[in-house]
Every structure is written in C-alpha cells, then in structure tokens.
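**Student:** predicted structure and sequence below. I'll ask about it afterward.
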Amino acid sequence: MRRRVSWPGASAPIRADMNRQSVDVALDSAADDLVIPFAIEGLEVRGRIVRLGHELDVLLKRHAYPEPVSALLAEAVTLTVLLGASLKFDGRFILQTQSDGPVDMMVVDYETPGQIRACARIAPDRRDEIGARRDGNLAKLLGRGTLAMTIDQGPHMSRYQGVVPLEGESLEAAARLYFQQSEQIPTEVRLAVAETYKAGGGQATTGWRSGGIMIQHLPESGGDVRRDLPPGDVPDGVMIADVREDDHWSEARLLLETVEDHELLDPDIAAGRLLYRLYHERAIRVFDAQPIAERCRCSRDKIETLIGQFSEEERADMIQDDRIVVTCEFCSSVYEFPADVFDSKPETGPA
C-alpha cells in the first residue's frame, strides 16, 4: 500500500550533512524533458529521476497509436531514459521487446547525450484486441516474449546485451527482473504515464506526460564510481533474492514505494523537490540535469544509400507508380524517390 509523503515546506531545516548548493539545484529543477542523476549518500544509493512532457508528446503523436499502445510506449521511453542516461561514453542504449501479444515489438533508441526515438508495431490481425482505453494490465498488450537491453559503444567496440523474459504486469516488473538476473544489483523502478487534458480557447487539448525514478544500492561506491553496467560483484549463482536485504536499501526502497503516480507527473512539483520530499532526512545530492530531446537519425541521404544497397530485382519490388516510397518507422517521415534515380548507381550489396 502506498502512502502520501507530507511536504515539509521550503523553509524546513536542512540537515547539516547535505550539500546546500545541491539542495538549491534540486528545488529549482522545475523543467520537463530532463533526467537528473542523484546520490543518497546516507543510504549508499544512486539513482536518476526523469520527467518528460513536450518531447514525449511529440514522439507519440507522430504515430497516432491507440491510447493503450501510446501509454505502453511512453513507459518504455521513460525506462529507457532512466537507463540510457547512465552511459559515460558516446553510444546508444536500445530497449527492445519481442512478444506474441497484440503489440509484438517495441524499440526505443537512446543516443547520448539525450536523444530519443521510439516505435511500436501492432500485429495487423490483432488490432481489435487493443481496445480504445487502457485497462491497467499492460501484460495483455505484450503477451509472452523477451525484453532485451543493448549497449552499443560504436562500430569498433563489442555490444553488451542482456535478455530476460517479459514477466509480470508491467515494464517496472520486467526491469526489476532484468537487474536481478542480468546485473545482480538491487534496483527499484517507479514509472507513471498519463495523457493530460487542458481546456483553453474554447477547445480542449491533450498532451502525454511521464515520470520515473530508479534507485540502485551501490554500497561502498566511492566518488563517481558507477555499477549500472557491467554486472555487479555478487558471486555467480547467487541471486539477489538469496541475499539478506541491507537496512539502508530497505529504507530507500520503502520510501520510493510511497511515491504516487500524480507526484511523478505533476508539472507543479519539480523533480528535485520530489526527491527532497522523499529523502530529505538523508544526505541527498543532485547532479547536473541532462536535457532529453526527441530526435530521429533518418535523413534522405541515408535512406537513398540504403535503397542503393539492394539488388535491382529487390528495388523493382519496391516500385509503385514509378516511385520508391520509404516511411521511417521511428518518426513517420516519408521519403520518395523516382525509380530511375538508382539506374546509374552501382549495387554495393547489403550493409
């Protein structure tokens, strides 16, 4: 059961061991479309809080998905930002689901330093199963399948990937299972998504919002040491469930469970202020906020190069009305090319 945490007010006394500058930054972090790393030093916990508004709304409305699918993809985007923001190098973090449900695939692509794109695929013969409104059980949309998380450090580096079954009633549950099985780091995740309605000018407008917090127990992690990836130091064969829960972690986890969805979503509650509500009795520090932007990497030149890599026979199958038309699955941009533009170009073979 969740309970509401009372807000002590901006004039509440601040613990002597808190960083005054960090508190000021936390209380002033009222913007949307950002992720803020933080550390609860008194509990040996690191985490991130994300708040998405306009950029998420733009991303989802590019596709015009049914409401339940938009809500599901919004959760996936929020989770991906929480995880991708941990990267300390130029690269990509990719979250992907493949399953036998009506939404048989989702892909969310996070590229440092904070660019996001995403898409979902609805099985053509199962669209009627989705319905018009959410029923609170996202598992019905996904069915059985897998959740894969991939870190791509570039063409000259090996990829790191963890794969776990899609289990539970939400992506929160799937993320916990991922960290339990693949990373072996005690992790707690809270996600909230809503489509808001605002009246004005004689017409109501809608907009998608999301919020999320992730905390991880990283005992004896001095300075900026992070153990998000690769896996932690728990011995092989020992699951987190087999280890007695640390009192510090128990406190941090139980406090996070008190967060209600509206607190994660309310634009009038700054992300940093929410952190202070939760953990003001401990030495909490926040770090620089990182902006998040909806961006797709597609371009006309890239699409033209891709088409040119197909054989002449394969390109012939793409032609309709003397044109080749390609729609980007991520941003829905449409690219049209005259069929004969490729006639004089040599075939390079598939990439």
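**Tutor:** Received it, and whenever you're ready, just let me know what you need.

**Student:** sec struct for the residue nearest to the spatial centre of the chain, please.
**Tutor:** For the chain, the residue nearest the mean C-alpha position is Thr80 (2.3 Å; Cα atoms, centre = their mean). Classification of Thr80 using DSSP: H, G, I helix; E, B strand; the rest coil returns helix.

**Student:** what distance do you get for it to Gln96?
**Tutor:** The gap separating Thr80 from Gln96 is 10 Å, by Cβ to Cβ, to the nearest Å. For glycine as for every other residue, the C-beta is placed from the backbone atoms N, C-alpha and C.

**Student:** which residues do the two both contact?
**Tutor:** Shared contacts of Thr80 and Gln96 (Cβ atoms under 8 Å, 6 or more residues apart in numbering): Val108.

**Student:** which residues touch the nearest residue to Leu147 once chain neighbours are set aside?
**Tutor:** Of all residues not flanking Leu147 in the chain, Ala174 sits nearest, at 4.9 Å (Cβ to Cβ, 6 or more residues apart in numbering). Residues in contact with Ala174, defined by Cβ under 8 Å, 6+ apart, are Leu147, Val164, Leu166, Glu167, Gly168.

**Student:** any regions of the stretch 1-150 of the chain where pLDDT drops low?
**Tutor:** 1-30, 132-138 (pLDDT under 70).

**Student:** Val107: what's it in contact with?
**Tutor:** With Cβ under 8 Å, 6+ apart, Val107 has these contacts: Ile94, Leu95, Gln96, Ala118, Cys119, Ala120, Phe330.

**Student:** looking at these, which one is closest to Gln181?
**Tutor:** Nearest to Gln181, judged by Cβ to Cβ, of these is Leu95 at 15.7 Å.

**Student:** you'd agree that closest one is up against Ile116?
**Tutor:** No - contact criterion Cβ atoms under 8 Å: Leu95 and Ile116 do not qualify, at 10.5 Å.

**Student:** mutual contacts of those two, please.
**Tutor:** Contacts common to Leu95 and Ile116, judged by Cβ under 8 Å, 6+ apart, are Thr80, Val108, Tyr110.

**Student:** save these as JSON lines, and put in distance to Gly143 too.
**Tutor:** As requested, those are exported to JSON lines (distance: Cβ to Cβ, whole Å):
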{"residue": "Thr80", "distance to Gly143": "20"}
{"residue": "Val108", "distance to Gly143": "18"}
{"residue": "Tyr110", "distance to Gly143": "25"}
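
**Student:** now, among those residues, which is nearest to Pro186?
**Tutor:** Thr80 (20.6 Å).

**Student:** name the helix or strand for Ala120, please.
**Tutor:** strand 115-122 (DSSP states H and E).

**Student:** my bad, Gln216
**Tutor:** Assigned by DSSP H and E, Gln216 belongs to strand 203-217.

**Student:** mind listing what's buried along that strand?
**Tutor:** Residues Gly207, Trp208, Arg209, Ser210, Gly211, Gly212, Ile213, Met214, Ile215, Gln216, His217 are the ones in strand 203-217 that count as buried (16 or more other Cβ atoms under 10 Å).

**Student:** quick one, what contacts the last one?
**Tutor:** I take that to be His217. Contacts of His217 (Cβ under 8 Å, 6+ apart): Leu43, Glu44, Val45, Ile185, Pro186, Thr187, Asp246, His248, Trp249, Ala252.

**Student:** how many neighbours does Asp246 have?
**Tutor:** 15 (other Cβ atoms under 10 Å).

**Student:** cool, and Ile122?
**Tutor:** Ile122 has 19 nearby residues by other Cβ under 10 Å.

**Student:** Arg273 too?
**Tutor:** For Arg273, the neighbour count with other Cβ under 10 Å is 18.

**Student:** look up phi and psi at it.
**Tutor:** Phi and psi for Arg273, reported as degrees, to the nearest 10, are phi -70, psi -40.

**Student:** now it: how far from Asp261?
**Tutor:** Relative to Asp261, and taking Cβ to Cβ, Arg273 is found at 17 Å.

**Student:** my read: Thr327 touches Met318, true?
**Tutor:** No - look at Thr327 against Met318 with Cβ under 8 Å: they stay out of range, at 12.0 Å.

**Student:** coming back round to it: biggest separation within the buried residues of strand 203-217, which pair?
**Tutor:** It's Gly207 and His217 that sit farthest apart of those, by Cβ to Cβ, at 35.0 Å.

**Student:** give the contact list for the nearest residue to Gly47 once chain neighbours are set aside.
**Tutor:** Leaving aside its sequence neighbours, Gly47 sits nearest to Ile215 (Cβ to Cβ, 6+ apart; 3.8 Å). Shown in contact with Ile215 (Cβ under 8 Å, 6+ apart): Ile40, Val45, Arg46, Gly47, Thr187, Glu188, Ala252, Arg253, Leu256.

**Student:** sounds good, over and out.
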